[in-house]
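*Asks:* next comes the sequence, and after it the predicted model I'd like to discuss.
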Amino acid sequence: MLAVEGGLIAARVPGYALTAGQGSFWGDFHPAFGAWHAADAEYRHQKACFDVVYRTNSYGARDVERSEDAAEPRVVVLGDSFMEGYGTADGERMSDVLEAATGVPHLNFGTSGNAGSTHAFALYQGLASRFRHDAVLCAILPENDFDDDLPAAGRYLPYWDGDAAPFELRFPVAAHTDSRFGRRATAGDGPDLEHVLREFTYAQNVVDLVYSAYKQGRARGKATADDPDSRFFRYSELELARLQHSYAEIARLAHPRPVVLFTIPRLTDFAAAASIEQPLTPLDEALSIWARGIDNLFFVPLLPELLRRHGEDPTELFLACDPHWNAAGHRAAALILSGAVGDRLYVRGR
């Protein structure tokens, strides 16, 4: 479908890859937070501009095997497909770059599968916090994290219920085994139909795009700004409150360890930010002010520095056939973060 391949329709492009004899690599597999990877799995992901093999460890993270206890300093990394390293080889992801540069292990708990801020909290509470660590690094992707925090029909994904804090953590279905996302009907079946349609057809991915737009319209309410077409400008007070609640809860659980948040811009966000005179977008400004009120929470807006360094051609940071970072994008983000908060993340003997 040329309209999708050429970027005229912003739907996901099929990956056309399933590892023989294996079910879905992503699914609602974990009883505490849903969206996760199959454990001890291998998955070959192919698109026009990359051919990458993903491997998971014994607890389902796309990472090398890590013990729960350790004597050396370590950093827990939370986030969605950007942090997981969608389309990027091992060794080239941001967490790998930071680990190689600092010598500090970065335990990567990033995952695809509609993993927003609420999912990050549930994953940290239900799994990542068990691993001894000295700091937490959390990625926010405004383009879809606000939408991923909404109830997803038929999915075992956490969401905050309520119109204001205190929110209550809920799931649309009773148990992860009730979700069909990524799940086989029986042990002898192949991957589920939804996964096959998404990997091998354009239709399912266009349906996903239309449904996402519907969710945005239903939940957005009155946005804080309506200037450019970017979620750094378009969000409701309730959407922001849910997102802030998730990371405040992570900071509470992690205390006194530092928790570093950063926002990830996509190409449309570069253009929107370049069109305004202010140094920060409304979202980055709101998060900067809010984070100052929590003693172990620190916020880094990547967009201003990425614009300064790569504003002439931000496409050099992204895959040619997909909206995720390429290796250069991961390196650029790692460089900015290490310069901004390296003294907080990599203090030995904490």
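*Replies:* Sure thing, it's come through. Just so it is clear, the structure is predicted and the values come from calculations on it, not from any experiment.
*Asks:* low-confidence stretches in this protein?
*Replies:* 1-23, 184-228, 347-350 (pLDDT under 70).
*Asks:* which residues does the residue most central in space within it contact?
*Replies:* For the chain, the residue sitting closest to the mean C-alpha position, by CA atoms, centre = their mean, is D80 at 1.7 Å. For D80, the contact set (CB atoms under 8 Å, 6 or more residues apart in numbering) comprises G110, T111, S112, A115, G116, A139, L141, N144, D145, D148. C-beta here means a position set from N, CA and C on the backbone, and glycine is covered the same way.
*Asks:* take those residues and keep only those in helices.
*Replies:* Of those, the ones assigned to helices by DSSP state H are N144, D145, D148.
*Asks:* closest to L123 out of those?
*Replies:* Using CB to CB, D148 comes nearest to L123 of those, at 12.6 Å.
*Asks:* chain neighbours aside, what residue packs nearest to that closest one?
*Replies:* Nearest non-adjacent residue to D148, counting by CB to CB, 6 or more residues apart in numbering: G116, 3.0 Å away.
*Asks:* the residue nearest to the centre of the chain and V97, how far apart?
*Replies:* Per CB to CB, to the nearest Å, D80 is found 18 Å from V97.
*Asks:* swap in D269?
*Replies:* Counting by CB to CB, the separation of D269 from V97 is 22 Å.
*Asks:* who has more neighbours out of these two?
*Replies:* Here D269 and V97 are compared on neighbour count by other CB atoms under 10 Å; more neighbours surround D269, at 27 against 21.
*Asks:* mind listing what the more buried one touches?
*Replies:* Taking CB under 8 Å, 6+ apart, we find D269 in contact with P142, E143, S230, R231, F232, T281, L303.
*Asks:* which one of those residues is nearest A254?
*Replies:* Closest approach to A254 among the contacts of D269 (CB to CB): P142, at 22.3 Å.
*Asks:* neighbours of that closest one, how many?
*Replies:* By other CB under 10 Å, 25 other residues sit near P142.
*Asks:* what about the nearest residue to it once chain neighbours are set aside, how many neighbours?
*Replies:* Nearest residue to P142, sequence neighbours excluded (CB to CB, 6+ apart): R231, at 3.9 Å. When counting by other CB under 10 Å, one arrives at 26 neighbours for R231.
*Asks:* distance check, R231 against D40.
*Replies:* Distance of R231 to D40, computed by CB to CB: 36 Å.
*Asks:* what residues of stretch 27-38 count as buried?
*Replies:* Neighbour-count burial for stretch 27-38, with 16 or more other CB atoms under 10 Å as criterion, is recorded at G27, D28, F29, H30, F33, G34, A35, W36, H37, A38.
*Asks:* one more: stretch 230-249?
*Replies:* Neighbour counts over stretch 230-249 (16+ other CB under 10 Å) mark 230-235, 238-249 as buried.
*Asks:* give me the subset of those lying in strands.
*Replies:* If you go by DSSP state E, those have nothing in strands.
*Asks:* just those residues: which are in helices?
*Replies:* The helices, defined by DSSP H, take in L238, E239, L240, A241, R242, L243, Q244, H245, S246, Y247, A248, E249 from the buried residues of stretch 230-249.
*Asks:* and of those, the nearest to P172?
*Replies:* R242 (15.4 Å).
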